[in-house]
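next one to model:
(one chain, ligands or ions: 3)
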Amino acid sequence: MGKVQVLDHPLLQHKLSILRDKNTGVKEFREIVGEIAALMCYEATRNLPTEEVEIETPVAMAKTKVLSGKKLAIVPILRAGLGMVDSMIELIPSAKVGHIGLFRDPETHEPVKYYCKMPPDISERQVFVVDPMLATGGSAVAALDILKKEYGCRYLTLMDIIAAPEGVKAVTEAHPDVDLYVAAVDDHLNEHAYIVPGLGDAGDRIFGTK
Ligand SMILES: O=P(O)(O)OC[C@H]1O[C@H](OP(=O)(O)OP(=O)(O)O)[C@H](O)[C@@H]1O
Ligand SMILES: O=c1cc[nH]c(=O)[nH]1
Ligand SMILES: [Mg+2]
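Ligands and ions are numbered 1, 2, ... in the order given. Below you'll find the model as predicted:
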């Protein structure tokens, strides 16, 4: 069973409150999504393997650590997941980026796939799938299905800023091997499958499309 970790660091909770505020404008919303993604990435990469290397500092020889193990990839679920990518790449500059385009059908709330492009060696990489919102879980489950079944990915982590309990349940049942990192688990979904209290439509607030 993958672990579900709710990252309740005070900095994350503070920034999340700004995102939730309906008066927060596009510029600040976008900046804070990036800041939250960086803080979450810091925690989600905590257990990456390291190896010892020897280097020469200006003062002496030193045995120090560098990242080892699998190469990394970041896979945003379009559109809203794009808002999390840049700040993560700043922390992990060697990561490759794949894209999965999914939108929720407004009537059925089922995910509809419209785009997919992955680095050629994605199956060998440790993949971080990112999206600000985990509502019904349909989009995240579909993205993880695509990565496993169509691309042979085996090492997957999911990062969402806000989750609904329904989404956490759907992902952990469909993909029990995948670790899930969220900054908050909210109360419930409303009749439009929006997270309550949530922050509204993350994609629209990042890109100013409403
Ligand atoms: O858990 P679910 O019920 O599937 O809902 C979550 C999905 O909905 C949002 O995307 P949306 O469909 O609004 O597309 P967008 O990012 O292009 O706005 C969000 O960014 C997730 O991808
Ligand atoms: O609350 C929600 C649910 C799905 N997608 C969003 O952007 N927000
Ligand atoms: Mg949207």
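
what packs against the longest helix seen in the chain?
Longest helix of the chain, by residue count under DSSP state H: helix 26-44. Applying 3 or more C-beta pairs under 8 Å, 6 or more residues apart in numbering; DSSP states H and E, one finds that helix 26-44 contacts helix 10-20, helix 85-91, strand 126-134, strand 155-163, strand 179-185, helix 202-207. C-betas here are computed from N, CA, C, even on glycine.

and the contacts of the shortest one?
Same thing as helix 202-207. The contact list for helix 202-207, computed with C-beta atoms under 8 Å, 6 or more residues apart in numbering, reads 19, 24, 26, 29-30, 33, 79-80, 82-83, 132-133, 161, 199, 209-210.

out of the residues you listed, who's nearest ligand 3?
Checking these against ligand 3 with C-beta to the ion, the nearest one is Ala80 at 5.7 Å.

and this structure, which residues reach ligand 3?
Residues of the chain lying near ligand 3 by C-beta under 5 Å from the ion: 201, 203.

report the buried members of the contacts of helix 202-207.
Among the contacts of helix 202-207, those scoring as buried are 19, 24, 29-30, 33, 79-80, 82-83, 132-133, 161, 199 (criterion: 16 or more other C-beta atoms under 10 Å).

tell me the bridge partners for the most centrally placed residue in the chain.
Geometric centre of the chain, nearest residue: Val130, 2.2 Å, by C-alpha atoms, centre = their mean. Beta-bridge partners recorded for Val130 (DSSP bridges): Pro76, Met159.

residue contacts, it?
37, 74-77, 81, 84-85, 88, 158-160.

swap in 7 Å and give it another go.
By C-beta atoms under 7 Å, 6 or more residues apart in numbering, the contact set of Val130 is 37, 74, 76, 81, 84-85, 159.

show me the two of these that sit farthest apart.
Val85 and Met159 (11.1 Å; C-beta to C-beta).

looking at the two now, which is surrounded by more residues?
A count of neighbours by other C-beta atoms under 10 Å puts Met159 above the other of Val85 and Met159, at 28 against 19.

Lys27 versus that one, what's the distance?
Distance of Met159 to Lys27, computed by C-beta to C-beta, to the nearest Å: 23 Å.

tell me how many other residues surround the one residue in the chain that gets nearest to ligand 1.
Closest residue of the chain to ligand 1, C-beta to the nearest ligand atom: Gly203 (2.3 Å). For Gly203, the neighbour count with other C-beta under 10 Å is 21.

check what pLDDT it gets.
Per-residue confidence (pLDDT) for Gly203: 97.

whichever helix or strand comes after the longest helix of the chain pairs with which strands, and in what direction?
Sequence-wise, the next helix or strand downstream of helix 26-44 (DSSP states H and E) is strand 50-56. Strand 50-56 has the following sheet partners, assigned by DSSP bridges: strand 61-67 (antiparallel).

list the contacts for Ile122?
73, 98, 151, 153.

any idea how far Thr172 is from the nearest residue to Lys3 once chain neighbours are set aside?
Spatial nearest neighbour of Lys3, excluding adjacent residues (C-beta to C-beta, 6 or more residues apart in numbering): Asp179 at 5.2 Å. According to C-beta to C-beta, Asp179 stands 10 Å off from Thr172.
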